[in-house]
Each structure stands twice: as C-alpha cells, then as structure tokens.
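Asker: The sequence and its predicted three-dimensional model are supplied below.
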Amino acid sequence: MIIDGKAVAQQVRDEVRMETERLRNDHGVVPGLGVVLVGDHPASRIYVRNKEKACAEVGIRSVEHVLPASVSEHELMGVIGGLNEDTSIHGILVQLPLPGHIPSDRVLETVSPEKDVDGFHPVNQGLLLSGGTGFKPCTPLGIMRMLDSVGCDLKGKNAVVVGRSNIVGKPVALMLLARHATVTLCHSRTADLGREVARADVVVAAVGKAGAVRGEWIKPGAVVIDVGINRLPTGKLAGDVEFDTARERASWISPVPGGVGPMTICMLLSNTLLSAQRSV
Ligand SMILES: Nc1nc2c(c(=O)[nH]1)N[C@@H](CN(C=O)c1ccc(C(=O)N[C@@H](CCC(=O)O)C(=O)O)cc1)CN2
C-alpha cells in the first residue's frame with residue numbers, strides 16, 4: 001500500500017495549527033520563523049515560498065530575508081546574527097544549497113542551536129547522537145512520522161538506510177537506532193547493496209540517484225521509504241527506488257512525489273512551534 005505523505009503531512013499541520021492557537025491564547029506568543037534565501041536557485045525559491053505559505057496556514061509568522069548570490073559570508077552572518085538576537089523569532093532557516101563561495105558549515109554553525117529548527121547545527125547533531133532533546137532535522141523526523149503512521153513497530157527490525165548524508169542518511173539511522181531497530185547504513189562503497197537491502201524489514205533510500213534501489217531486492221512485506229527526488233530526462237520526478245517493481249513486494253511504500261517531500265515542510269512547522277513553546 002502507498003504511504004500518502006500529503007495526508008500524513010496534513011495531519012501534522014492540523015496539530016501544529018491547534019497548538020499554535022493554544023500558545024497564542026495562553027501565552028500571547030506567536031511562533032516566528034526567520035527564512036534566509038541566498039541567490040535565485042529556482043527550486044530553492046519554490047521551497048521557500050511553500051514553507052512561508054505553510055507557516056501562514058498554521059499561524060506561524062515568517063520573515064523573509066532574500067540576499068543576492070554575491071552576498072559576502074560576513075553580510076550573511078550579520079543577517080543570521082540579527083535573527084539570533086530577535087526575541088520574536090523562534091526558528092531560523094537558511095535554505096540550502098548556498099552559493100559555492102559561502103561555506104555552508106560555517107554559516108549553519110552561526111545559527112543559534114536554540115533556534116536551529118532545521119536541526120543542522122553541530123550541537124543538535126551531537127544531541128541526536130547522545131539522545132538529548134535538541135532539534136532533529138526535518139526530513140528524518142518526517143520519515144519517522146510516516147513509519148509511525150502505518151504502525152511500523154521498529155523494535156528488533158532490520159532497517160537498511162541507503163545514503164550517508166548529514167541531513168538525511170546519518171540522522172535517520174540514529175533515529176531508527178533510538179527506536180531499537182538494528183540499523184545498517186549503506187553507501188556508494190557498500191560491497192553488495194542488493195544483499196543488504198534484501199534482508200531489510202525497513203528500507204530508507206536517500207542516495208539521490210533514480211533507480212539506485214532495485215525493486216527485485218525488496219524483501220516481501222518490507223516497508224520502503226523513498227527520500228530521493230530525481231528529475232528524469234523526460235521531466236518526470238522519480239525517487240531512488242524502482243517504484244513499480246518495489247510496490248509489488250513491499251507492504252508499504254512511499255511515492256515520489258507526494259511522499260517524504262511534503263513531510264519535510266510540515267516537520268519544520270512542528271520544530272518552529274516547539275521552539276516557541278520552549279521560550280515560554
Ligand atoms: N534549509 C534546508 N534546505 C534544504 C532542505 C531542508 O530541509 N532545509 N531540504 C531540501 C529541499 N526542501 C526543503 O527545503 C524540500 C524538497 C522537496 C520538497 C517536496 O515537497 N518535494 C515534492 C516534489 C516537489 C517537486 O515537484 O519538485 C515531493 O517530494 O512530493 C519539500 C522540501 C534541500 N534544501
């Protein structure tokens with residue numbers, strides 16, 4: 001069966017809207033999100049617009065800072081510093097990717113960990129590793145919520161994560177581990193990817209390569225979460241998993257589009273609300 005990311009995301013948005021209203025009524029606090037967009041990357045502009053629209057729908061105030069691609073690292077740091085100081089801002093989002101001349105790592109480290117609703121700051125990465133209560137990154141949080149939405153009990157299950165990025169692969173592996181799955185983290189040098197995937201009860205594919213996970217590898221009954229967003233030469237979007245063959249074998253599978261993507265944005269709303277709740 002198909003895991004409908006849009007429907008699960010809508011549930012999360014409804015919850016966030018209710019809790020945002022409660023926070024405003026009880027404490028007079030309106031969650032605020034500072035959005036920083038550098039340059040005119042077309043996809044980034046769309047994602048930022050969608051995030052701001054989603055904020056408005058649930059009662060979160062968003063404040064946009066659009067900077068030219070030529071902006072210096074120093075100027076960008078200045079904008080982030082201002083948002084760090086602003087008490088009406090509870091979350092800060094620096095849309096990635098940044099232009100090549102700006103080191104993303106240094107910029108993300110400038111965001112106050114208490115406002116890092118993307119969960120990219122090293123302090124929050126460390127807290128995820130040690131089981132603390134820092135902000136967790138939105139895409140992995142969305143994946144966990146999708147697994148919960150289909151009642152997937154992770155305890156003792158073999159979970160195979162394909163892809164070792166800092167924003168998806170590594171953090172989702174840690175979150176699965178925290179839920180007592182036995183986790184294997186695969187990557188481009190994994191000797192036999194098919195063998196690893198074939199023994200997985202849960203597969204999370206986050207490599208960024210269409211068809212990297214073959215449908216015939218999927219264990220019958222496995223739950224498959226596809227994080228990839230790949231534009232095919234035909235113009236169509238595809239995930240990392242061969243969907244048509246994988247769906248014949250999986251018990252649950254998330255599609256692309258309409259799977260993990262919508263979850264990323266709603267978990268950002270959820271983290272921003274959480275930050276505002278922590279401020280009272
Ligand atoms: N600061 C951040 N930058 C980036 C993040 C992030 O979480 N924080 N993630 C990605 C981009 N991204 C959000 O920013 C994002 C990507 C895709 C989707 C989405 O809903 N995708 C749709 C398909 C969209 C399409 O048609 O092109 C889907 O999968 O259904 C949402 C958010 C990199 N940067």
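Answerer: Yep, it's here.

Asker: count of neighbours near S130?
Answerer: By other Cβ atoms under 10 Å, 8 other residues sit near S130. Every C-beta, even on glycine, is put in place using the N, C-alpha and C of the backbone.

Asker: next one: V94
Answerer: As a burial measure, V94 scores 24 neighbours (other Cβ under 10 Å).

Asker: Check D105 too.
Answerer: Counted with other Cβ under 10 Å, the neighbours of D105 add up to 9.

Asker: Next: G156.
Answerer: G156 has 9 neighbours, counted by other Cβ under 10 Å.

Asker: Would you map the helices across the stretch 1-150 of the chain?
Answerer: Under the criterion DSSP state H, counting those that start in this stretch, the stretch 1-150 of the chain contains helices at 5-27, 42-58, 73-85, 104-110, 122-130, 138-149.

Asker: Pick the most deeply packed of those helices.
Answerer: For these, the largest average neighbour count (mean count of other Cβ atoms under 10 Å) is found in helix 138-149, namely a mean of 23.

Asker: now for the helix or strand following it, which elements pack on it?
Answerer: Under the assignment DSSP states H and E, the closest C-terminal helix or strand after helix 138-149 is strand 158-162. Helices and strands touching strand 158-162, by 3 or more Cβ pairs under 8 Å, 6 or more residues apart in numbering; DSSP states H and E, are helix 169-178, strand 182-186, helix 193-198, strand 202-205.

Asker: what does strand 158-162 rub up against?
Answerer: Residues outside strand 158-162 that contact it (Cβ atoms under 8 Å, 6 or more residues apart in numbering): 169, 172-173, 176, 181-187, 193, 196-197, 199-207, 212-213, 240.
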